[in-house]
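Asks: model the structure of this input:
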Amino acid sequence: MSFEIKLAQFEGPFDLLLFFIERDELDIHDIPIAHITRDFLDYIHQMQAMNIELASEFILVAATLMRIKAKMLIPRPELDEEGNEIDPRLDLVQKLLEYKKYKAVMTDFQHLEDERLKQEKRGNIARELEEIASQAAPGEELQTLDLYRLLTVYERVLARFAAGKQQIVHTVVQYPYSIEEQKVAIMKLFDKEKRVSFEDVLSISQDKVQLVYNFLAVLELLQQQILDINIGLGFNNFWVSPKEQVEESVEEMEK
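Replies: Numbers count the residues shown, from 1 in each chain. Below you'll find the predicted structure:
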């Protein structure tokens with residue numbers, strides 16, 4: 001007896017996001033980021049549970065959604081040069097609108113492609129695929145998957161604060177945090193230790209808001225090539241350490 005499992009196929013992460021938006025009749029200009037992030041991550045978890053390999057674009061979009069979600073938790077929104085609030089979802093919305101526009105004419109392009117293929121003999125597809133595979137950077141997707149696992153550790157630490165939360169009090173609090181200040185605080189951890197676990201870096205947070213700032217600070221330090229991250233033993237265990245010759249970068253942050 002054989003079993004056949006059918007899953008919805010999507011051409012890419014934006015195709016999946018548009019599916020969620022159209023299915024739930026959401027406003028594409030005002031995306032409920034927590035709602036759509038949950039659905040997107042649930043889809044990824046289902047694929048991983050079935051040992052289905054995910055394209056790196058899905059993981060990158062998942063990281064983007066988590067970053068937007070984290071920024072929207074910050075009580076002090078970013079402002080542009082004119083003092084207007086910057087919506088962290090704006091870039092994602094613009095990309096979705098562009099993708100939706102191109103998808104609308106995809107049927108016509110497919111028809112033109114089919115007609116063109118009738119006129120010219122197609123090349124050696126097997127050989128072309130081998131050439132494309134040989135040109136792919138080794139380990140590129142593995143590094144992207146590590147970023148997704150990094151987000152898993154962040155969610156675990158975030159859940160600790162949620163579990164220890166007391167009765168909700170509707171009080172407006174001005175938190176004295178900034179990403180630049182948290183970057184400096186994180187780098188000071190390496191004055192005594194050569195490397196620190198990623199979970200310990202996040203655990204220095206005094207509250208949930210500071211945890212969000214620390215998470216964004218770590219992402220920026222990794223992006224700026226100031227910090228390096230390595231996989232340790234165990235599940236979702238990461239070690240963070242400063243890259244060589246980062247003294248000038250640290251001094252610049254402290255100014």
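Asks: can you list contacts of stretch 57-71?
Replies: 12-14, 16-17, 33-34, 36-37, 40-41, 44, 78, 88-89, 92, 144-145, 147-148, 151, 154, 212, 215-216, 219 (Cβ atoms under 8 Å, 6 or more residues apart in numbering). All C-beta atoms are positioned from the backbone trio N, CA, C, and that covers glycine.
Asks: tell me where the model's unsure across this structure.
Replies: 1-9, 50-55, 75-77, 107, 116-152, 161-175, 232-237, 245-255 (pLDDT under 70).
Asks: quick one, strands of it?
Replies: Secondary structure of the chain (DSSP state E): strands at 196-197, 227-231, 238-242.
Asks: by contact count, what packs against the second one?
Replies: In this structure, strand 227-231 packs against helix 140-163, helix 208-223, strand 238-242, with contacts taken as 3 or more Cβ pairs under 8 Å, 6 or more residues apart in numbering; DSSP states H and E.
Asks: circling back to that earlier point, buried among the contacts of stretch 57-71? Need that as a selection in PyMOL.
Replies: The buried subset of these, as determined by 16 or more other Cβ atoms under 10 Å, is captured in PyMOL by this line:
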select buried, resi 13+14+16+17+33+36+37+40+41+44+88+89+92+144+147+148+151+154+212+215+216+219
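Asks: quick one on the thing from earlier: and the strands of the chain as a markdown table, adding distance to residue 207 and mean neighbour count?
Replies: What follows is those, written out as a markdown table (distance: least, Cβ to Cβ, whole Å; neighbours: other Cβ atoms under 10 Å):
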| stretch | distance to residue 207 | mean neighbour count |
| --- | --- | --- |
| strand 196-197 | 20 | 18 |
| strand 227-231 | 23 | 17 |
| strand 238-242 | 21 | 18 |
